[in-house]
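In: only the shape, not the letters, is given here:
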């Protein structure tokens, strides 16, 4: 069994990260899970969340905010296709606040329940992120 | 013989035109770089998306409940033709080739008795189409003042297409755009958007990937829910890819067109300068003759 996973994070406009990593934490539609080398193959959709990537054992955690998308997991590789992805380090207060405002408007404008739920979830995540930033 | 002053004015005017075309060429060259980078950066996402979709589609197969975005509506009566062109002209035959390709396709469909609806993206495609096939146009989208097309532009268009599909307004959707081959060549490409056209060739490679560990894929939630989530996103992704390729092609075409224009202006300046010098010479000679013959007469 391999001792690392070939991890790739792509968003529609760029390839954000491509590296061999040891551990990735994801928030799937049906619950959070951690991918280690040798994980069972799975395809799942993701909630708006922060993906935590650990590149080397005991090393630093890279945090990336993803807004929806899905993950394709196999024993030795993991591909995350994010609708939108931003390195948490690159986030700043102003953009976050702008996004929260947009999300709030989305919640208000939503015409059906599914859309409203999705927007609400995103809003909560963004607010959590803003708090974490302080 | 042309007046010397007129000639001078003409040379000056061609020179200023040349300055403009040269500037436009340089702007196009730098924009091309960006557009090309954007098109290349979008490729991994679209490719992965295709792979995952292909493996999902295989496991769902042709089951009864397969999503219509994948399996189609079972009819091919109504076609939606999305024509993606540029916002601006002055890029050679870029817009007209797309329009011509689309019109050929539309006329073929009409000849077969199908219903055709046209969705225009970009001002330059809408104008000639309105003239010849105006009654078929159902929608026009213009990205004015957008310097770099991105997901933000592709997404609403995809939404609109999907809404129309949900409402049963068409069965098959095809996008026409210029695929970027190189700065000199752009190929008009028709890409089927709905139902999703999946690569068949990737199958072998995909199977070896999936077989790792001998375990079958788990789907969370189930295949169909994922597919339902994924397919609309695929429409947006493919559309974005088309728009980005188109953007790069446009800049490539513009660069070539402006390069030609600059060179033509140069040729024109040369020939005008020669004419100008000849006329000046002739005027001087004439004056000399007048002076000499005047002196001889004394």
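Out: Yep, that arrived. Computed from a prediction, not measured in an experiment: that's the story for all the values here.

In: distance check, residue A:125 against residue B:10.
Out: Distance, residue A:125 to residue B:10, using C-beta to C-beta, to the nearest Å: 65 Å. For every residue, glycine as well, the C-beta is placed using N, CA and C.

In: of these two, who's got more company?
Out: Shown here are residue A:125 and residue B:10; by other C-beta atoms under 10 Å in any protein chain shown, residue A:125 has more neighbours (21 against 16).

In: got the residues of chain A near chain B?
Out: A:8, A:10-15, A:28-30, A:38, A:40-45, A:70, A:72, A:74-76, A:79, A:81, A:83-84 (C-beta under 8 Å from any C-beta of the partner chain).

In: ok, and the closest non-adjacent residue to residue B:95?
Out: With sequence-adjacent residues excluded and distances taken as C-beta to C-beta, 6 or more residues apart in numbering or on different chains, residue B:95 is closest to residue B:124, at 4.2 Å.

In: so what secondary structure elements neighbour the one helix or strand residue B:124 maps to?
Out: Taking DSSP states H and E as the definition, residue B:124 sits inside helix B:123-133. With contacts taken as 3 or more C-beta pairs under 8 Å, 6 or more residues apart in numbering or on different chains; DSSP states H and E, helix B:123-133 sits against strand B:78-84, helix B:94-111, strand B:115-121, strand B:137-141.

In: give me the contact list for the third one.
Out: Residues lying outside strand B:115-121 but in contact with it, judged by C-beta atoms under 8 Å, 6 or more residues apart in numbering or on different chains, are B:77-85, B:102, B:106, B:109-110, B:126, B:129, B:133, B:136-143, B:157, B:160-161, B:169-170, B:243.

In: buried subset of these?
Out: B:78-85, B:102, B:106, B:109, B:126, B:129, B:133, B:136-137, B:139-141, B:143, B:157, B:161, B:170, B:243 (16 or more other C-beta atoms under 10 Å in any protein chain shown).

In: what's the pLDDT at residue 31?
Out: I'll assume chain A. In this model, residue A:31 is scored at 85, pLDDT.

In: my question was about chain B, not that one.
Out: In this model, residue B:31 carries a pLDDT of 91.

In: tell me the contacts of it?
Out: Counting by C-beta under 8 Å, 6+ apart, residue B:31 has contacts residue B:251.

In: could you measure from it over to residue A:14?
Out: Distance from residue B:31 to residue A:14, by C-beta to C-beta: 18 Å.

In: buried ones among the residues of chain A next to chain B?
Out: Using 16+ other C-beta under 10 Å, the buried members of those are A:8, A:10-15, A:28, A:41-45, A:70, A:72, A:74-76, A:79, A:81, A:83-84.

In: restricted to strands, list the residues you listed.
Out: Secondary structure from DSSP state E places A:8, A:10-11, A:14-15, A:28, A:42-45, A:70, A:72, A:79, A:81 of those in strands.

In: residue B:145: what secondary structure?
Out: Recorded secondary structure, residue B:145: coil (DSSP: H, G, I helix; E, B strand; the rest coil).

In: for residue B:34, same thing?
Out: Residue B:34 ends up helix, using three-state DSSP.

In: my read is that it contacts residue B:244, right?
Out: No: using C-beta atoms under 8 Å, residue B:34 makes no contact with residue B:244, being 10.6 Å away.

In: any regions of the chain where pLDDT drops low?
Out: Defaulting to chain A. Chain A contains residues with pLDDT under 70 at A:1-2, A:132-134.

In: other chain: chain B
Out: Those would be B:1-2, B:61-66, B:198-216, if you go by pLDDT under 70 across chain B.

In: now do the helices in it.
Out: Ranges of helices in chain B, per DSSP state H, are B:4-60, B:68-71, B:94-111, B:123-133, B:151-166, B:203-210, B:223-297.

In: one more: chain A?
Out: A:93-109, A:113-133.

In: of all these, which one is nearest residue B:267?
Out: helix A:93-109 (51.4 Å; C-beta to C-beta).

In: give me the buried positions along the closest one.
Out: A:96, A:99, A:100, A:103, A:106, A:107.

In: what does it contact?
Out: Residues outside helix A:93-109 that contact it (C-beta under 8 Å, 6+ apart) are A:115, A:116, A:119, A:120, A:122, A:123, A:126, A:127, A:129, A:130, A:133.

In: buried sites along stretch A:55-72?
Out: By 16+ other C-beta under 10 Å, the buried positions in stretch A:55-72 come out as A:55, A:62, A:63, A:64, A:65, A:66, A:67, A:68, A:69, A:70, A:71, A:72.

In: which pair in those residues spans the largest distance?
Out: Taking C-beta to C-beta, no two of these sit farther apart than A:55 and A:68, at 24.3 Å.

In: is stretch B:151-161 up against chain A anywhere?
Out: Yes: interface with chain A: stretch B:151-161 contributes B:151, B:154 (C-beta under 8 Å from any C-beta).

In: ok, and what's touching that stretch?
Out: A:12-13, A:84, B:80, B:82, B:119, B:121, B:139, B:141, B:143, B:146, B:173, B:193-194, B:232, B:235-237, B:239-240, B:243.

In: next, count neighbours for residue B:264.
Out: Each residue near residue B:264 was counted by other C-beta under 10 Å, and the total is 14.
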